[in-house]
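Peer 1: any chance you can model this:
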Amino acid sequence: MRRRLAPLAVLLTLVCAGAAQAESVRVKDLGRFQGGRDSALIGYGVVTGLAGSGDSPRSEVTRQALKNVLSRFGANVSVEQVRSRNVAAVMVMAALPASANPGDRLDVTVSSIGDARSLVGGALLMTPLLGPDQHPYALAQGPLIVGGYRYDAALNVEQKNHPTSGVISGGATVETTPERPVGAGDLTFVLDQPDATTAERLADAINQSMGVSVARVRDASAVTIALTGQRDLYRTMARIETLTVSPDEAGRVVVNERTGTIVAGGDVRISPVVISQGDIRVSVSVDNQASQPVLYGGYAPNAASLLVANTRLDVRQPRQDAVARFPSSTVADLVEGLARVHVDTRGMIAILQAMKAAGALHADIVIQ
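Peer 2: Residues are numbered from 1 along each chain as shown. Model (predicted):
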């Protein structure tokens, strides 16, 4: 029964994927307006207040960073004098939304870059967060929240999750924002999955909603909307985002052999094909036995036990291979038929790859 559950679960995934693909979706779920995206921020800082679990004195970067921090407050110390294990050098990351304004709070992620054992109980000192243009846009500071711990004593270690990474909820304050290109000239809507058919349907839906031809397909990934007259920018954007379009996507089958997962659209077509599937199982077992020496009448200093390893190789081949014939149908029908003859998920992955090589599967296979 256990072998049949995985293929049936994959079958339900395929059927649901095929049903969802045929429905109309909101335009805002298909992509975004060009310019309205988040910006990555990154910074380098120091976490203090650690209970001896910070970077060791071997970390030159941490010692130099702590010297620089102390020198800002008039403390004249050399790098050789910094020996504290209560500090750690960290990288600080955050995402700056396109709609951010000065004074907004951002969540930040803090991760150790040295040999610190744990960041539990630490606090981040004020750290500027830089954008891709190397300009500071936010300042981060505050106590860390670490979803784990590590305690060690006398070579005994107790650890939960990863204590060398943590977050600060609302730990960064936006100081300035980059220029927002949204609204400069015409609007451009960018599709997450470029497709010429979907782009054409989107342009037709926008023109029909506006009552005038204002949208045109720039390429398979973008649709340009002309702002005519005194049309309000954000009202136009909101109106376009609430439209519904039926996206058209190329056939694609995603397989992950590490986890034994298959995800595909239920309407991916296959040509008439005959499949014969079987497997050979090889097992090697080792039985270690010790032969003890037998001594008579005294002591033999050179006598020792002999360890003998007995290896057994077992090769098994099922007597009945799975054979199935499929007419022109879909991947969902294929999975359902293979599940009935008790082919497991990893066997299905091998079959799909062989069908693609034979030209019977009309979809791209993406291997993760």
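Peer 1: for the chain, which segments count as helices?
Peer 2: 2-22, 60-72, 196-210, 233-241, 331-340, 345-358 (DSSP state H).
Peer 1: let me have those helices in JSON lines, extended by mean neighbour count, distance to V87 and mean pLDDT.
Peer 2: Just so you know, the C-beta spots here come from the backbone N, C-alpha and C atoms, and that holds for glycine as well. Output for these, formatted as JSON lines (neighbours: other C-beta atoms under 10 Å; distance: least, C-beta to C-beta, whole Å; pLDDT from 0 to 100):
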{"stretch": "helix 2-22", "mean neighbour count": "15", "distance to V87": "49", "mean pLDDT": "42"}
{"stretch": "helix 60-72", "mean neighbour count": "16", "distance to V87": "5", "mean pLDDT": "86"}
{"stretch": "helix 196-210", "mean neighbour count": "18", "distance to V87": "52", "mean pLDDT": "90"}
{"stretch": "helix 233-241", "mean neighbour count": "14", "distance to V87": "46", "mean pLDDT": "85"}
{"stretch": "helix 331-340", "mean neighbour count": "21", "distance to V87": "56", "mean pLDDT": "77"}
{"stretch": "helix 345-358", "mean neighbour count": "18", "distance to V87": "49", "mean pLDDT": "81"}
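Peer 1: got TSV for the ones you listed, with distance to A290 too?
Peer 2: Output for the helices of the chain, formatted as TSV (distance: least, C-beta to C-beta, whole Å):
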stretch	distance to A290
helix 2-22	38
helix 60-72	52
helix 196-210	70
helix 233-241	75
helix 331-340	48
helix 345-358	39
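Peer 1: now do the buried residues in stretch 34-49.
Peer 2: Residues 36, 39, 41, 43, 45-49 are the ones in stretch 34-49 that count as buried (16 or more other C-beta atoms under 10 Å).
Peer 1: that older thread, who wins for proximity to P102 among the helices of the chain?
Peer 2: Closest to P102 of these is helix 233-241 (C-beta to C-beta; 20.0 Å).
Peer 1: got the contact list for that closest one?
Peer 2: With contact meaning C-beta atoms under 8 Å, 6 or more residues apart in numbering, helix 233-241 is reached by 26-28, 33, 182-183, 187, 189, 206, 209, 225, 227.
Peer 1: quick one: that helix to helix 196-210, angle?
Peer 2: Put simply, helix 233-241 runs at 120 degrees to helix 196-210, going by axes from the mean of the first three to the mean of the last three C-alpha atoms, to 10 degrees.
Peer 1: using PDB, write down the CA coordinates of helix 233-241.
Peer 2: This file holds the C-alpha atoms of helix 233-241, laid out as PDB (Å, rounded to 0.1, in the frame of the first residue of the first chain):
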ATOM      1  CA  LEU A 233      -1.400  56.700 -13.000                       C
ATOM      2  CA  TYR A 234      -2.200  54.600  -9.900                       C
ATOM      3  CA  ARG A 235      -5.900  54.300 -10.800                       C
ATOM      4  CA  THR A 236      -4.800  53.000 -14.200                       C
ATOM      5  CA  MET A 237      -2.400  50.500 -12.600                       C
ATOM      6  CA  ALA A 238      -5.100  49.300 -10.100                       C
ATOM      7  CA  ARG A 239      -7.600  48.900 -13.000                       C
ATOM      8  CA  ILE A 240      -5.100  46.800 -15.000                       C
ATOM      9  CA  GLU A 241      -4.100  44.600 -12.000                       C
END
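Peer 1: so, low pLDDT: which residues of the protein?
Peer 2: Counting by pLDDT under 70, the chain has low-confidence residues at 1-22, 36, 179-185, 229-231, 265-266, 277-286, 291-306, 309, 313-326.
Peer 1: any idea which of the helices of the chain gets closest to G142?
Peer 2: Closest to G142 of these, according to C-beta to C-beta: helix 60-72, at 16.1 Å.
Peer 1: which helices and strands sit right next to that closest one?
Peer 2: If contacts are counted by 3 or more C-beta pairs under 8 Å, 6 or more residues apart in numbering; DSSP states H and E, helix 60-72 sits against strand 39-48, strand 88-96.
Peer 1: cutoff 6 Å now
Peer 2: Contacting helix 60-72 under the criterion 3 or more C-beta pairs under 6 Å, 6 or more residues apart in numbering; DSSP states H and E are the following elements: strand 88-96.
Peer 1: got a list of contacts for the strand it packs on?
Peer 2: Residues from elsewhere that reach strand 88-96 (C-beta atoms under 6 Å, 6 or more residues apart in numbering): 38-39, 41-43, 45, 47, 54-55, 61-62, 65, 106, 108-114, 116, 127, 129, 137, 140, 172.
Peer 1: which parts of that strand are buried?
Peer 2: Counting neighbours by 16+ other C-beta under 10 Å, strand 88-96 gives 88-90, 92-94, 96 as buried.
Peer 1: okay, now the domains of this protein?
Peer 2: 2-21+252-280+318-367, 24-36+181-245, 39-174 (automatic domain parsing).
Peer 1: distance to R312 for those domains - can I get that in CSV?
Peer 2: Output for the domains of the chain, formatted as CSV (distance: least, C-beta to C-beta, whole Å):
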stretch, distance to R312
domain 2-21+252-280+318-367, 17
domain 24-36+181-245, 53
domain 39-174, 39
